[in-house]
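Q: Structure for the following, please:
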Amino acid sequence: MGRGNPESADAVIARDSKVFVADKLSDTNKAQLNSLKVEWVELRNEIGYKRFKDVLENLKIPHRDFSGNLDSRIDNILTEILK
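A: Numbering: from 1, shown residues only. Have a look, this model is predicted:
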């Protein structure tokens, strides 16, 4: 979906999606997504990425908290993810 395009959430709602990751969401879109029980993450929000953990937990997807220095591990993490 388009960057900084809050209206893109309407398409997700219309397609009956269960998860939505967006650059920016309006308060109205967040309320709509919540009422439809669609999990969402807003990346532009200062702590929006932290909501990703909530999404994983709500969908019962196994995960664990990262402990360590992200700056020193990021290259290895991305290599593993992008295999």
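
Q: Next, give phi and psi for residue 20.
A: The phi/psi pair for residue 20 (degrees, to the nearest 10) reads phi -140, psi 130.

Q: can you pull the pLDDT of it?
A: pLDDT, residue 20: 91.

Q: I figured it hits residue 40, correct?
A: Yes: using Cβ atoms under 8 Å, residue 20 is in contact with residue 40, at 4.6 Å. Backbone N, C-alpha and C define where each C-beta goes, glycine included.

Q: Counting by contacts, list what the lowest-mean-pLDDT helix or strand in the chain packs against.
A: Lowest on mean pLDDT, DSSP states H and E among the helices and strands of the chain sits helix 8-14, with a mean of 73. On a contact count with 3 or more Cβ pairs under 8 Å, 6 or more residues apart in numbering; DSSP states H and E, helix 8-14 meets strand 19-22, helix 27-35.

Q: List the contacts of it.
A: Residues from elsewhere that reach helix 8-14, judged by Cβ atoms under 8 Å, 6 or more residues apart in numbering: 1, 2, 20, 22, 25, 26, 29, 32, 33, 36, 38, 40.

Q: which of the residues you listed count as buried?
A: If you count burial by 16 or more other Cβ atoms under 10 Å, the buried members of the contacts of helix 8-14 come out as 20, 22, 25, 29, 32, 33, 38, 40.

Q: list the contacts for residue 56?
A: Counted by Cβ under 8 Å, 6+ apart, residue 56 has contacts residue 63.

Q: tell me, what residue is most central in the chain?
A: What sits nearest the mean C-alpha location of the chain, by Cα atoms, centre = their mean, is residue 41, with 2.9 Å.
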